[in-house]
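Q: Turn this into a structure:
(chains A, B, C and D)
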There are 2 protein chains.
Amino acid sequence: MATMKDVAKAAGVSTATVSATLSGACFVSPELQARVATAIDALGYQRNSVASGLKLGRTSLIGLVVSDVTNPFFTELVQSVQDLARSRGYSVLLGISDHSVEREAELLRLMRSHQAEGTILCPAGAVEDYSSLRLNFGRMKVVAVDNASPELPFDTIALENDKAAKLAVQHILSFGHRRLAIMSGPAHQFVSQRRLDGFLAALKEKNLKADPAFIRRGDFRIEDAHRSCAELIARPKRPTAIFVANNLMLIGVMRALAEARLSVPGQVSVASIDDFPWSSAFHPALTVVRQPIALMATAALDCLLRRMEGDESAPTRQTFEPELIVRHSCAKPGAER
Amino acid sequence: MATMKDVAKAAGVSTATVSATLSGACFVSPELQARVATAIDALGYQRNSVASGLKLGRTSLIGLVVSDVTNPFFTELVQSVQDLARSRGYSVLLGISDHSVEREAELLRLMRSHQAEGTILCPAGAVEDYSSLRLNFGRMKVVAVDNASPELPFDTIALENDKAAKLAVQHILSFGHRRLAIMSGPAHQFVSQRRLDGFLAALKEKNLKADPAFIRRGDFRIEDAHRSCAELIARPKRPTAIFVANNLMLIGVMRALAEARLSVPGQVSVASIDDFPWSSAFHPALTVVRQPIALMATAALDCLLRRMEGDESAPTRQTFEPELIVRHSCAKPGAER
DNA sequence: GCTAGTCAGCTAATCGATTAGCTAAACGTT
DNA sequence: AACGTTTAGCTAATCGATTAGCTGACTAGC
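A: As a prediction, the model looks like this:
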């Protein structure tokens, strides 16, 4: 690849002139500008961002670490962050932690090593896993999205998770259900706790108590939810409705119900958190609580950019409003076994 | 951030010694190694990949350009490529072209500017859009995945698309359908052409001809397919089966069918290309043709790495076997209107 | 005619890691 | 003792872009 030196030689000027021409051209005569431009496309020159990144300490890279891209929530987050970053002149280094806190830490080090100016992290762990991090990780800024406890030592962007769960569960209860189960997430994750809290709060409002056997712990993935739900519905007295704490577990639940030939919502009502493209094409169309992912991505990136510009004030907490999307997967409790 | 110089000073050695210690330690005494190690974690030193990338001309970055991450095929591809790249010591710079050839070209330039050593490209355009590219784009290697015509001037990795379509259509035909429609992709894309070819070939085997009104052109996205399918089934004589050329259009089709209260497979049979996590949780479970995405990702990365190691031989073509997954969305043609 | 001022454009140092090539100490051999 | 050989570790150049600071040409004012 041609370097700036080559361009300078071809145009008969110094590298300083080439550099000046490329970046705003303050004091370069039109004639030299033209000669430089000619040389540039004769040689197919393109700026080497690595060299310029080294010199300037600005790489125009941001990191994005998610636990699982195949989760439609993260897929859409990746999409939004990518779009926004591009429009602001940044490129995205993607990392997938696969729910492992160790891998996550490794990815964060990797992002730092590549001199990412900031990283948007979707933490997979519990609060205590991040105590060593700060607003800065080296000179790299960090903001947390999704599983973001307000106790984290950096900026957080999250859904009002308890409210989201409550909305869904209140909707289920409005049909008169009394035997509700929850497919919850990993106990150590803040986001699971909040969603469980919302579930319990909604029950309490109706003076209902959750059967402990109906509080299932999943890992936010398909397989585990599938198995757990199969067990659940095999019980002598099965629940008449299931609240599912995320979209991937919803797949597992719907599979298990289909295999057991239980109709939704005839025999079992289902509602979950996370909307996704398939939810309305499903039969029945699924009632879900939607997270404003694009807004959250914007907030995360804005927040990160503010930090990258040098804001060192105390960590901020932003929460977002969930929205209940009523479709057809909840109805009156049907004939019980 | 601490630099190697700082570490050298703290350990009382030269930067050469620190560098040698970090990379394989050929001739560094255990004592100095220990002093360097101590200094490194006292200062929290981490190698600056930008500086080392500049010096070595090796950034350990590869680019990945897809047209749409929210398409489950690409989501899984991103996941697989990311995994494999990580295991081989590379990080992934992600780019999303949003089906735009211009943006794709811009992303390729961006990858090159960041000195990505290679890029896996899922082309959104037609063959002629890539004639200016070669095996190398600057010093960056390029391989194409998915919409990869054998006429492209670089390595290609693709499904046997005609065969994939044929498998699905033969399956549909085996139930005795005679009025088939196809939701095809953009005409300029190689992958659409091949899938259409396969569709037509399967019909021909049974001495059937496709009604021109039943050959629908989509853009591989939800909305357009939804609208197009709504039109299709509103026709006086609607098809008894629909073959859909990708997963996103399948969503649109299923939505349109649900809205028109047409039962699947009772009134309309449906089969498509691309398996995805929801397909079996769907009601009815969807009959699809699966692409071996993980294999394709492995092939793409292996191919890219070979090129990165200096292989300059002629472009290779790899195609992969589709697999029909029979579920429950196809059946005998039902009562016609 | 001479000095001061202006500014286009150049020279050279710099970012941080790597490494070719060098120095000097230590050891073995005769 | 003298010399060669080995090897631990250092010095300094290098990658490519940026930019502080300098040079020298030109203009203006006295």
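
Q: Can you read off the pLDDT for A:L32?
A: pLDDT, A:L32: 88.

Q: hmm, who's touching the helix or strand where it lies?
A: Per DSSP states H and E: A:L32 is located in helix A:30-43. Identification of contacts with helix A:30-43 by Cβ atoms under 8 Å, 6 or more residues apart in numbering or on different chains yields A:2, A:6-8, A:10-13, A:17-18, A:21-22, A:25, A:28, A:45. The C-beta positions use only the backbone N, C-alpha and C, and glycine is treated the same way.

Q: redo that, cut-off 10 Å
A: Contacts to helix A:30-43, defined as Cβ atoms under 10 Å, 6 or more residues apart in numbering or on different chains, come from residues A:1-4, A:6-13, A:17-22, A:25, A:28-29, A:45-47.

Q: out of those residues, which are buried?
A: Buried by 16 or more other Cβ atoms under 10 Å in any protein chain shown: A:1-2, A:4, A:6-11, A:13, A:17-22, A:28, A:45, A:47, out of those.

Q: A:E231: neighbour count?
A: Residues lying near A:E231 (other Cβ atoms under 10 Å in any protein chain shown) number 12.

Q: That one contacts A:F214, correct?
A: No. Using Cβ atoms under 10 Å as the test, A:E231 is too far from A:F214 to be in contact (11.2 Å).

Q: May I have the secondary structure class of the residue positioned nearest the centre of chain A?
A: Centroid check for chain A by Cα atoms, centre = their mean gives A:F74 as the closest residue, at 4.3 Å. Following DSSP: H, G, I helix; E, B strand; the rest coil, A:F74 is assigned to helix.

Q: So for it, what's the pLDDT?
A: On pLDDT, A:F74 comes in at 98.

Q: these two touch, right, it and A:L64?
A: Yes. Applying Cβ under 10 Å, one finds A:F74 in contact with A:L64, separated by 9.4 Å.

Q: Give me the common contacts of the two.
A: Shared contacts of A:F74 and A:L64, defined by Cβ under 10 Å, 6+ apart, are found at A:V81, A:I96, A:C122, A:V145.

Q: Show me those that map onto helices.
A: Counted as lying in helices by DSSP state H, out of these, are A:V81.

Q: Straight-line length of stretch A:125-138, end to end?
A: 21 Å (Cα to Cα, to the nearest Å).

Q: go on, stretch A:227-242?
A: Taking Cα to Cα, stretch A:227-242 runs 14 Å from one end to the other.

Q: Next, the buried residues of that stretch.
A: Using 16+ other Cβ under 10 Å as the test for burial, stretch A:227-242 gives A:S228, A:C229, A:A230, A:L232, A:I233, A:R238, A:P239, A:T240, A:A241, A:I242.

Q: close to chain B, is it?
A: No. Shown here: stretch A:227-242 not in contact with chain B (Cβ under 10 Å from any Cβ of the partner chain), separated by at least 11.1 Å.

Q: What of stretch A:154-172?
A: No. Using Cβ under 10 Å from any Cβ, we find that stretch A:154-172 stays clear of chain B, coming within 17.4 Å at best.

Q: any idea how far that stretch is from the chain center?
A: In terms of Cα atoms, centre = their mean, to the nearest Å, the centre of stretch A:154-172 is found 15 Å from the chain centre.

Q: just the CA coordinates of that stretch, formatted as PDB?
A: Output in PDB follows, covering the C-alpha atoms of stretch A:154-172 (Å, rounded to 0.1, in the frame of the first residue of the first chain):
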ATOM      1  CA  PHE A 154     -19.800   3.100  35.700                       C
ATOM      2  CA  ASP A 155     -22.700   4.500  33.700                       C
ATOM      3  CA  THR A 156     -25.700   2.200  33.300                       C
ATOM      4  CA  ILE A 157     -28.500   2.000  30.800                       C
ATOM      5  CA  ALA A 158     -31.300  -0.400  31.600                       C
ATOM      6  CA  LEU A 159     -34.900  -1.200  31.200                       C
ATOM      7  CA  GLU A 160     -37.200  -0.700  34.200                       C
ATOM      8  CA  ASN A 161     -37.100  -4.400  34.600                       C
ATOM      9  CA  ASP A 162     -39.400  -4.800  37.600                       C
ATOM     10  CA  LYS A 163     -42.000  -2.600  35.800                       C
ATOM     11  CA  ALA A 164     -41.600  -4.600  32.600                       C
ATOM     12  CA  ALA A 165     -42.300  -7.900  34.400                       C
ATOM     13  CA  LYS A 166     -45.100  -6.300  36.400                       C
ATOM     14  CA  LEU A 167     -46.800  -5.100  33.200                       C
ATOM     15  CA  ALA A 168     -46.800  -8.600  31.700                       C
ATOM     16  CA  VAL A 169     -47.900 -10.300  34.900                       C
ATOM     17  CA  GLN A 170     -50.700  -7.800  35.500                       C
ATOM     18  CA  HIS A 171     -51.900  -8.500  32.000                       C
ATOM     19  CA  ILE A 172     -51.900 -12.200  32.700                       C
END
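
Q: per-residue confidence averaged over that stretch?
A: Rounded mean pLDDT across stretch A:154-172 is 98.

Q: Tell me the strands beside the one helix or strand in chain A whose mean pLDDT sits lowest, with direction?
A: For chain A, using mean pLDDT, DSSP states H and E, the weakest element among its helices and strands is strand A:136-137, scoring a mean of 86. Strand A:136-137 pairs in its sheet with strand A:140-145 (antiparallel), by DSSP bridges.

Q: Output the strand it pairs with as PDB, nothing but the C-alphas.
A: The C-alpha trace of strand A:140-145 is given here as PDB (Å, rounded to 0.1, in the frame of the first residue of the first chain):
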ATOM      1  CA  MET A 140     -10.900   3.400  27.700                       C
ATOM      2  CA  LYS A 141     -14.400   4.400  28.900                       C
ATOM      3  CA  VAL A 142     -17.000   1.800  29.800                       C
ATOM      4  CA  VAL A 143     -20.800   2.000  29.900                       C
ATOM      5  CA  ALA A 144     -23.100  -0.900  30.800                       C
ATOM      6  CA  VAL A 145     -26.300  -1.800  29.100                       C
END
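
Q: what secondary structure does A:A2 sit in?
A: Assigned with three-state DSSP, A:A2 falls in the coil class.

Q: same question but for A:D219, I mixed them up
A: coil.

Q: Kindly report the same for the one 4 residues further on.
A: Following three-state DSSP, we place A:E223 in the helix state.

Q: Can you list the residue ranges for strands in chain A?
A: A:61-66, A:91-96, A:118-121, A:136-137, A:140-145, A:155-159, A:180-184, A:215-217, A:241-244, A:269-273, A:287-290, A:317-320, A:323-325 (DSSP state E).

Q: and the gap between the residue of chain A found nearest DNA strand D and A:F199?
A: Residue of chain A nearest DNA strand D, by Cβ to the nearest atom of the strand: A:M4 (2.8 Å). Separation of A:M4 from A:F199 (Cβ to Cβ, to the nearest Å): 60 Å.

Q: list the contacts for A:S60?
A: For A:S60, the contacting residues are A:49, A:52-53, A:85, A:88-91, A:115-117, B:110, B:113-114, by Cβ under 10 Å, 6+ apart.

Q: Settle this for me: A:G53 is touching A:L61, isn't it.
A: Yes. Taking Cβ under 10 Å as the definition, A:G53 is a contact partner of A:L61 at 7.9 Å.
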